[in-house]
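>>> only geometry, no sequence info:
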């Protein structure tokens, strides 16, 4: 079993109620819902921050494409996915 730690968090009564309702409807504890929610949110945000950092590094190193080329690539990707069933 993974080690756990206690975290005290102040939230609005409305948010606490939402958490309780969601936990009840999914047969989970409010603590497990809050833990999973924080994990998913933080993983996504950290991934985005890393992507921004990488983009800035690429920009500073001159690894860029002209706007017209970027738009061509984006449109080609969108067209490719529109054609798939």
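Structure received. As the structure is a computational prediction, the values presented were derived from the model and not from experiment. Residues are numbered from 1 along each chain as shown.
>>> tell me, what residue is most central in the chain?
Centroid check for the chain by Cα atoms, centre = their mean gives residue 44 as the closest residue, at 2.6 Å.
>>> May I see the buried residues of the helix or strand where that residue lies?
Following DSSP states H and E, the helix or strand that holds residue 44 is helix 30-60. Judged by neighbour count using 16 or more other Cβ atoms under 10 Å, the buried positions of helix 30-60 are 33-34. Backbone N, C-alpha and C define where each C-beta goes, glycine included.
>>> Following the chain past that helix, name the next helix or strand.
helix 67-83.
>>> From residue 83, how far out is the residue lying closest to residue 29 once chain neighbours are set aside?
Leaving aside its sequence neighbours, residue 29 sits nearest to residue 23 (Cβ to Cβ, 6 or more residues apart in numbering; 5.9 Å). Distance, residue 23 to residue 83, by Cβ to Cβ, to the nearest Å: 42 Å.
>>> thinking residue 64 is in contact with residue 58, fair?
Yes. Residue 64 is in contact with residue 58 according to Cβ atoms under 8 Å; the separation is 6.9 Å.
>>> tell me the SS of residue 9?
The three-state label for residue 9, taken from DSSP: H, G, I helix; E, B strand; the rest coil, comes out as coil.
>>> Contacts only, for it.
Shown in contact with residue 9 (Cβ atoms under 8 Å, 6 or more residues apart in numbering): residue 34.
>>> got a pLDDT number for it?
At residue 9, the model reports a pLDDT of 94.
>>> quick one, phi/psi of it?
phi -140, psi 130 (degrees, to the nearest 10).
>>> returning to that earlier point: between residue 23 and residue 83, which one's more packed in?
residue 23 (16 against 7; other Cβ atoms under 10 Å).
>>> mind checking which helix or strand that one is in?
helix 13-25.
>>> what's the angle between that helix and helix 30-60?
Helix 13-25 and helix 30-60 are oriented at 110 degrees to each other (axes from the mean of the first three to the mean of the last three Cα atoms, to 10 degrees).
>>> that older thread, work out the gap between the helix holding residue 44 and the centre of the chain.
Helix 30-60 sits 5 Å away from the centroid of its parent chain (Cα atoms, centre = their mean, to the nearest Å).
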